[in-house]
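Undergrad: Everything below, folded, please.
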Amino acid sequence: MKAIIACDPNGGIGYKNKLPWINIQGDLPRFKKLTNGQVIVMGRNTWDSLQKKPLTQRFNFIITTKKIVLPFGAIALPNLEHFIKYTNAWLIGGAQLINSNWHLITEVHLTRTFEQYTCDVHISLPYLENYFKCNYIETNSDHTYEIWNKI
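TA: This next block holds a predicted model:
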């Protein structure tokens, strides 16, 4: 499984179930390009935070133990067990789902902002830095785009 994440320098990815930034130059087009036509997996809070749902041209899976009514194009599952061997699925959030399933992730596409934001949810950057190796880094005006692979 791959993960695609945007965070601030402290691993902050959200505040009050919304993105803490307004725009990261080029991040959304990159997200769309990488995930278009692919399986995306997210937690219920991430699903709830989406303005348009399901995300079009993708197979949307929401990990939740609660009974929720989903529109056509989205499927609820109780855990990530189905995706253990599925290397092309993209985990897109949230922090709790990412932090509790690092062991299932083999590749991370990380957008890291230069600016620090007020966040109430964080991914574990120390885990990423200890168990993955950065194999690609691209510096942009407001962020770096990094690709990390499990060691």
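
Undergrad: Per-residue pLDDT of Thr56, please?
TA: pLDDT for Thr56: 95.

Undergrad: which residues sit in contact with the nearest residue to it once chain neighbours are set aside?
TA: Residue nearest to Thr56 in three dimensions, not counting chain neighbours: Gly73, with 7.9 Å by C-beta to C-beta, 6 or more residues apart in numbering. Heads up, the C-betas are built off the backbone N, CA and C, glycines and all. Going by C-beta atoms under 8 Å, 6 or more residues apart in numbering, Gly73 touches Pro54, Thr56, Phe59, Asn60.

Undergrad: What are the neighbouring residues in contact with the third one?
TA: When contacts are counted by C-beta under 8 Å, 6+ apart, Phe59 touches Gln38, Val39, Ile40, Gly73, Ile75.

Undergrad: Of the contacts of Gly73, which is the nearest to Tyr136?
TA: Phe59 (26.0 Å; C-beta to C-beta).

Undergrad: partner residues bridging the closest one?
TA: For Phe59, the beta-bridge partners are Val39 (DSSP bridges).

Undergrad: from the contacts of Phe59, which has minimum pLDDT?
TA: Gly73 (93).

Undergrad: Now that residue: phi and psi?
TA: Main-chain torsions, Gly73, degrees, to the nearest 10: phi 100, psi 0.

Undergrad: What distance do you get for it to Ala89?
TA: 16 Å (C-beta to C-beta, to the nearest Å).

Undergrad: cool, Arg112 as well?
TA: Distance from Arg112 to Ala89, by C-beta to C-beta: 22 Å.

Undergrad: Looking at these two, which one has more neighbours?
TA: Each of Arg112 and Ala89 has its neighbours counted (other C-beta atoms under 10 Å); Ala89 has more, 22 against 17.

Undergrad: burial of the closest residue to that one other than its chain neighbours, as a residue count?
TA: Of all residues not flanking Ala89 in the chain, Val39 sits nearest, at 4.3 Å (C-beta to C-beta, 6+ apart). Val39 has 18 neighbours, counted by other C-beta under 10 Å.
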